[in-house]
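S.K.: Fold the stuff below for me.
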Amino acid sequence: MTKHLTLLGHRIFPILLLIGLSQQKYNGNDLIKMDNGLWAEKFSDEPITGKVSGYFGEVKPLKKVYMGYLRNGKKEGKWGSYYHSTGKKKFESNLKNGKLDGLRTWYFENGSAFDIDNYDYLFYEDRHDE
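M.R.: Take a look at the predicted model:
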């Protein structure tokens, strides 16, 4: 039994590794939010799936930071926004199916938190689809 699980693991692990490595990556400056609320690359109308990064700062080389993940054109999971001049975090929020869900924390440019909002995905969904 253990031998079969080991063989199965050796077959599945490379597939999972390829899926992770083949993850599409996007520059946030090359994306647009379409009229239907979905995100796509500029000059395209196809919703995208993949990791989004941005480049921030006033001095080159600019600081590359992970902003978040898009699934079928909708923000999913933890997302961050950053001050353009420093690349320091401006706010961090959680999203589910493109809608705020859970905590969103705002930060001063010096890095200290100054406000925390809490969003309930189900309440937010009901209130904004009227």
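
S.K.: need the strands for the chain, in chain order.
M.R.: Using DSSP state E, the strands of the chain run over 25-27, 31-33, 39-41, 50-56, 63-71, 74-82, 89-96, 99-107, 113-119.

S.K.: Quick one: list the elements packing against the third one.
M.R.: Just to be clear, that refers to strand 39-41. Contacts defined by 3 or more CB pairs under 8 Å, 6 or more residues apart in numbering; DSSP states H and E place strand 39-41 against strand 31-33. Any C-beta I mention is one placed from the backbone N, CA and C, and that applies to glycine too.

S.K.: at 10 Å instead, please
M.R.: strand 25-27, strand 31-33 (3 or more CB pairs under 10 Å, 6 or more residues apart in numbering; DSSP states H and E).

S.K.: Adding mean pLDDT, write the strands of the chain out as JSON lines.
M.R.: Putting the strands of the chain into JSON lines (pLDDT from 0 to 100) gives the following:
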{"stretch": "strand 25-27", "mean pLDDT": "96"}
{"stretch": "strand 31-33", "mean pLDDT": "96"}
{"stretch": "strand 39-41", "mean pLDDT": "97"}
{"stretch": "strand 50-56", "mean pLDDT": "93"}
{"stretch": "strand 63-71", "mean pLDDT": "93"}
{"stretch": "strand 74-82", "mean pLDDT": "94"}
{"stretch": "strand 89-96", "mean pLDDT": "93"}
{"stretch": "strand 99-107", "mean pLDDT": "92"}
{"stretch": "strand 113-119", "mean pLDDT": "90"}
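
S.K.: Now render the ones you listed as TSV, adding mean neighbour count.
M.R.: Formatted as TSV, these follow (neighbours: other CB atoms under 10 Å):
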stretch	mean neighbour count
strand 25-27	14
strand 31-33	14
strand 39-41	18
strand 50-56	17
strand 63-71	17
strand 74-82	18
strand 89-96	18
strand 99-107	17
strand 113-119	12
